[in-house]
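K.L.:
Build the 3D model from these lines:
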Amino acid sequence: QVQLVESGGGLVQAGGSLRLSCTASGRTFSTVAMGWFRRAPGKEREFVSAIFWSAGTTSYSDSVKGRFTISRDNAKNAVSLQMNSLKPEDTAVYYCAAYSVGVISVRRAADYYGQGTQVTVSS
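P.N.:
This is a model prediction of the structure:
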């Protein structure tokens, strides 16, 4: 099993920035990538971003591309999401995610999720 712990959520005004962090523990050697999903009130969970441990290859949803930046710290088994130019529609619970070997598409689903951290963007 892999355990994920997020931090960094909060309340910010539109146009502001927040940084989310996530640390993985447990069987981290079985993972090949980490990332973030989010769930807004009344909506389904959606993919936000992901990064592969080895090559650092990144992926972003169209809704956050150019505003959010994902980064990793392999030594600490940690990933961060820098969120700039935040919009009210970014309001959601953000979940850290980890992917096991054999992942086909990071956009579809992850193998592990954290408890989530609330991000609220006021207009």
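
K.L.:
the strands in the chain, which residues?
P.N.:
For the chain, the strands defined by DSSP state E occupy 2-7, 10-13, 18-26, 31-39, 46-52, 58-60, 68-73, 78-83, 92-100, 112-113, 117-122.

K.L.:
Identify whichever of the ones you listed lies nearest to Val106.
P.N.:
strand 46-52 (3.9 Å; C-beta to C-beta). (C-beta placed from N, C-alpha, C; glycine too.)

K.L.:
buried ones in the closest one?
P.N.:
Phe47, Val48, Ser49, Ala50, Ile51, Phe52 (16 or more other C-beta atoms under 10 Å).

K.L.:
which residue sits farthest out from the middle of the protein?
P.N.:
In the chain, counting by C-alpha atoms, centre = their mean, Ser123 sits farthest out from the average C-alpha position, at 22.7 Å.

K.L.:
For Arg45, see how far away that residue is.
P.N.:
Remark: distance between Ser123 and Arg45 (C-beta to C-beta, to the nearest Å) = 23 Å.

K.L.:
Report the two of the buried residues of strand 46-52 separated the most.
P.N.:
Farthest apart among those by C-beta to C-beta are Val48 and Phe52. That separation is 15.4 Å.

K.L.:
in the sheet, who's paired with the residue nearest to Thr23 when sequence neighbours are not counted?
P.N.:
Distances taken as C-beta to C-beta, 6 or more residues apart in numbering place Ala78 nearest to Thr23, at 4.8 Å, with adjacent residues excluded. Beta-bridge partners recorded for Ala78 (DSSP bridges): Thr23, Asp73.

K.L.:
any idea how far the closest residue to Gly10 other than its chain neighbours is from Gly35?
P.N.:
Counting by C-beta to C-beta, 6+ apart, Leu18 is the residue found nearest to Gly10 once chain neighbours are left out, at 6.1 Å. Plainly put, Leu18 is 17 Å away from Gly35 if you go by C-beta to C-beta.

K.L.:
Which one of the two is surrounded by more residues?
P.N.:
Higher neighbour count among Leu18 and Gly35: Gly35, with 26 against 21, using other C-beta atoms under 10 Å.
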